[in-house]
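Enquirer: can't give you the sequence, but here's the structure:
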């Protein structure tokens, strides 16, 4: 405890027995962190702050007696605190210029009095003298006294403090300060762990093989790696050390090397490994070239081959002007026959920024892409690995992807999926994931048998609790396989191929993984495939909904987004919606609405909520989680993909009467009406449904009318989209039925009635059904019915009577019944041939169709000619049967129609007898 922090400080020796803290950025950071710890110690640990040190801290201070206020006895030459220890000693005593402090409480107060001199006081305290026979025995090392001075502070608990002081407080402080220093240092480094690791891995590939190799061996002194990539101890990381290596060159003695943020240098070996014994070099290769002629010769061959490959020159004054030129044909690279040179050339290529478009185009323009693809057909694994690593990176470029497909590179990459080398399979799958971004590439993957091979990569059963190195490789292969399938699954035929290859159970098994790098491509593939009904059924029956719900609570936004998207697509099915509720997935979905800055996640979450809210039981749960108010607040300043889902959800929420009023109270009516002017058709379908649902509430309808909502809904009937027309017509029904003076409003809309009658010629049954329903509502006003009649509504309705679509039959019969209320319309319907088809509609198994048709026939039966037609079509028998129905409206309509026919028969019978 405290030792690592002690060594982090940087000191300069003033004399053989005196040292001062150096004026370095690291020491400044160290002093600030210690100051922060001491200042807040009393407030965070008030009980521990009162404990008395067994020996006082002592140093020369800049404070004078006049700086002290209350709580102190002040004289001209002395200051003593009122607080004293059990022996009567003051816990703070100032005898200028020396100050003595016996507790953290007094130390904190003193720093508060120091004001802008706080850092100077902390520095003086750490550099101050003290007496203690509890110190370890002094050594002859020059930093011994320095270590003890800093330990006065950080080892206070073990050297001076009260026995009950908790050591963990100081351990935590020690670690927190170290972490902060490491973060500060990391912002100023030249080398980093990733660069060193890459360099070491490349060199390890060419160890062994006698004189043909670059080195005999290369190893780390420690196999343990910190989460930041460092292998050096924490207190050496503060000094910039990254790792320590033991390297055996082919022509010289063993080298012990330190790789640090400042460069690479030789150290003192196994006995004194931290002592620097050479100059620092910018990288490991440069150091080895200076120490091993054999290594230098081999590396020069590599560099020459790399230059033979291509050269890139950068304008130092303007990095944007990147120029490249090919200096030789790359075909020679493939035929050199020297594997080391080939692989080293590939490694040299990877030193370039291959994500930069200039470098990618340079590889293509010099013929490099063809060479890289040809290397995939060799028997050398290292050449394949190097080639795939480059292809994996440059295939992010859309133009490169197309060239790879044109050169039949997909076939070569797919073949590698059968390789026994796991690294090769992983790289090939990852490259396919990048290449298969367009249709032709995805088709090629399927045609060359890639789908089956990629699915087979998913077949791993590791114990995630304790993974062996081999299992870790299997997981990496499976992750890359899932990533490739994710790209391929954007094709409908590939989705079927994945399912046929047995991919769904394997994806379901991997869905239980705790690893996010595995889950993201797996869930991404599932949500992409969930557009197919067969996949949705499998996701439900194989129990994947539970895992999707579980991962909604992940701390990874991308994973949450894909899980929500999968639920969005699967929740079309009622059983899936019930499962989401069963596994408590509704509340996590609501919690995702608070991440409003992530629009993709927000769109997925609102989509899942929309589909889940189709079930009224889920809406009830959503109300408990206060989802409605959040959704209303999302009606403004959101992208269209979010608005479509939010409005869709509100339309489902509004099916519950109490929620109609709640939407108004939360201020949702006005933004909903405003969205009626959107050009987005999907949004218009949902917003008209939501407005129509809200319009059934009288108070809501008042606001909708004031905002000119009826006119806006009516105007949507002009859109070319059948879905928008149908949804708008249904909304119009609710608006007309609940508006105070809907008849006058409808008449005020120029061209409105002509448009309504014209839409009766639509070929879409949903549009026809909704328009018939709207006509039924509009025609309840006599003036409106007269106008509709003038515009030819009767023959237009009559033409539709031969339909077999039950929803249309229902609303068509309602419209006919209502239109019979004007003038000679009953006779006109008979003349237009509407009666006989309506009689046939009585045979429908739908109760709503039977009821509406009976009511229409009742109205038509008030015309004698229509009664004759009905009788000829044998309408009496089914009507008598309907008179026994439990539906009172159906009973009355059937009885009324039979009565009209009977009255006509009774009237005609005497006339017929008289004629004889």
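Expert: Done, it's in. Quick caveat: nothing in here was measured; it's all calculated off a predicted structure.
Enquirer: Name the single longest strand found in the protein.
Expert: strand 241-249 (DSSP state E).
Enquirer: Check which residues of that one are buried.
Expert: Residues of strand 241-249 classed as buried by neighbour count (16 or more other CB atoms under 10 Å): 241, 242, 243, 244, 245, 246, 247, 249. All C-beta spots, glycine's among them, are computed from the backbone N, C-alpha and C.
Enquirer: what does stretch 526-537 give?
Expert: Result for stretch 526-537 [16+ other CB under 10 Å]: buried residues 526, 527, 528, 529, 530, 532, 535, 536.
Enquirer: now do stretch 590-603
Expert: Buried-residue list, stretch 590-603, by 16+ other CB under 10 Å: 590, 591, 592, 593, 596, 600, 601, 602, 603.
Enquirer: Centroid-nearest residue for this protein?
Expert: Note on the chain: the residue nearest the mean C-alpha position is residue 558, at 2.1 Å, using CA atoms, centre = their mean.
Enquirer: Which is the succeeding secondary structure element to the helix or strand encompassing residue 38?
Expert: Assessed by DSSP states H and E, residue 38 sits inside helix 25-44. Once helix 25-44 ends, the next helix or strand along the chain (criterion: DSSP H and E) is helix 46-49.
Enquirer: Can you give me the buried ones in that following helix?
Expert: 48, 49.
Enquirer: Going forward, the N-terminal residue is numbered 140.
Expert: New numbering, starting at 140: the last item is helix 185-188.
Enquirer: Give me the packing partners of it, helices and strands only.
Expert: Applying 3 or more CB pairs under 8 Å, 6 or more residues apart in numbering; DSSP states H and E, we find helix 185-188 packed against helix 164-183, helix 243-253.
Enquirer: per-residue confidence at the closest residue to residue 691 other than its chain neighbours?
Expert: Spatially, and ignoring its direct neighbours in sequence, residue 691 is nearest to residue 727 (3.9 Å; CB to CB, 6 or more residues apart in numbering). Note on residue 727: pLDDT of 95.
Enquirer: mind checking the SS state of residue 727?
Expert: Counting by DSSP: H, G, I helix; E, B strand; the rest coil, the backbone at residue 727 sits in helix.
Enquirer: Please report the distance of it from residue 703.
Expert: 9 Å (CB to CB, to the nearest Å).
Enquirer: tell me, what's touching those two both at once?
Expert: Jointly contacting residue 727 and residue 703 under the rule CB atoms under 8 Å, 6 or more residues apart in numbering are residue 691.
Enquirer: show me where pLDDT drops low in the chain?
Expert: Residue ranges of the chain with pLDDT under 70: 140-158, 160-165, 267-329, 410-412, 441-484, 487, 490, 601-604, 1048-1055.
Enquirer: Thought residue 932 was touching residue 893, still the case?
Expert: No - Residue 893 is beyond contact range of residue 932, at 10.5 Å (criterion: CB atoms under 8 Å).
Enquirer: Who has more neighbours out of these two?
Expert: residue 932 (25 against 13; other CB atoms under 10 Å).
Enquirer: Kindly indicate whether the nearest residue to the more buried one once chain neighbours are set aside is helix, strand or coil.
Expert: Nearest non-adjacent residue to residue 932, counting by CB to CB, 6+ apart: residue 896, 5.3 Å away. Three-state assignment for residue 896 (three-state DSSP): helix.
Enquirer: ok, now how distant is residue 896 from residue 909?
Expert: Residue 896 is 14 Å from residue 909, by CB to CB.
Enquirer: Look at the two and report which has more neighbours.
Expert: More neighbours surround residue 909 than the other of residue 896 and residue 909, with 27 against 21 (other CB under 10 Å).
Enquirer: Using the three-state scheme, assign the more buried one.
Expert: Residue 909 - assigned by three-state DSSP - is helix.
Enquirer: That one contacts residue 870, doesn't it?
Expert: No - using CB under 8 Å, residue 909 is not in contact with residue 870; the gap is 9.1 Å.
Enquirer: Stretch 905-925: how far from the chain's middle?
Expert: 47 Å (CA atoms, centre = their mean, to the nearest Å).
Enquirer: What residues sit buried inside it?
Expert: So stretch 905-925, judged by 16+ other CB under 10 Å, has buried residues 905-918, 920, 923-924.
Enquirer: Likewise for stretch 572-585?
Expert: Going by 16+ other CB under 10 Å, stretch 572-585 has these buried residues: 572, 573, 574, 575, 580, 581, 582, 583, 584, 585.
Enquirer: So which of those are in strands?
Expert: Per DSSP E, those never map to strands.
Enquirer: For residue 414, which three-state class applies?
Expert: Quick answer, by three-state DSSP: residue 414 is strand.
Enquirer: could you list every residue that touches the closest residue in space to it that isn't next to it in sequence?
Expert: Leaving aside its sequence neighbours, residue 414 sits nearest to residue 407 (CB to CB, 6+ apart; 3.7 Å). Residues near residue 407 by CB under 8 Å, 6+ apart: 395, 413, 414, 415, 416.
Enquirer: Just give me the closest of the residues you listed to residue 232.
Expert: residue 413 (41.4 Å; CB to CB).
Enquirer: Tally up the residues packed near the closest one, please.
Expert: Counted with other CB under 10 Å, residue 413 comes out at 14.
Enquirer: Was I right to think it contacts residue 375?
Expert: Yes - Residue 413 sits in contact with residue 375 when judged by CB under 8 Å, with a separation of 6.5 Å.
Enquirer: rewinding a little: other residues contacting the helix or strand just after the longest strand of the chain?
Expert: Sequence order places strand 394-399 as the next helix or strand after strand 380-388, per DSSP H and E. The contact list for strand 394-399, computed with CB under 8 Å, 6+ apart, reads 330, 335, 378-388, 403-409, 412-413, 415, 419, 423, 426-427, 430.
Enquirer: And stretch 952-968, how far out from the chain middle?
Expert: That offset, for stretch 952-968, works out to 57 Å (CA atoms, centre = their mean).
Enquirer: Buried ones in that stretch, by neighbour count?
Expert: In stretch 952-968, counting by 16+ other CB under 10 Å, buried: 952-959, 961, 964-968.
Enquirer: Same question for stretch 941-954.
Expert: 942, 946, 947, 948, 949, 950, 951, 952, 953, 954.
Enquirer: any idea which of those residues is the one closest to residue 785?
Expert: For the buried residues of stretch 941-954, the nearest to residue 785 is residue 946 (27.9 Å; CB to CB).
Enquirer: Distance check, the residue nearest to the closest one when sequence neighbours are not counted against residue 398.
Expert: The shortest distance from residue 946 to any residue other than its chain neighbours is 4.8 Å, reached at residue 908 (CB to CB, 6+ apart). Distance of residue 908 to residue 398, computed by CB to CB: 76 Å.
Enquirer: Which positions in stretch 982-998 come out as buried?
Expert: So, applying 16+ other CB under 10 Å, buried residues of stretch 982-998: 983, 987-998.
Enquirer: Check stretch 884-904 too.
Expert: Neighbour count says stretch 884-904 has 884, 885, 886, 891, 892, 894, 895, 896, 898, 899, 903, 904 buried, by 16+ other CB under 10 Å.
Enquirer: With stretch 753-765 instead?
Expert: In stretch 753-765, counting by 16+ other CB under 10 Å, buried: 753, 754, 757, 758, 760, 761, 762.
Enquirer: Pretty sure the last one sits against residue 802.
Expert: No - between residue 762 and residue 802 no contact is recorded; they are 11.9 Å apart, counting by CB under 8 Å.
Enquirer: still on that earlier bit, report the buried residues of the helix holding residue 177.
Expert: Applying 16+ other CB under 10 Å to helix 164-183 flags 165-166, 168-170, 172-174, 176-178, 180-181 as buried.
Enquirer: just curious, which of the contacts of residue 407 is nearest to residue 1029?
Expert: residue 413 (96.6 Å).
Enquirer: quick one: that closest one from residue 360, how far?
Expert: For residue 413 relative to residue 360 (CB to CB), the value is 11 Å.
Enquirer: try residue 654
Expert: The value you get for residue 654 to residue 360, if CB to CB is used, is 30 Å.
Enquirer: go on, residue 999?
Expert: 99 Å.
Enquirer: Verify the stated contact: residue 618 with residue 657.
Expert: Yes - here residue 618 lies in contact with residue 657, judged by CB under 8 Å, at a distance of 5.2 Å.
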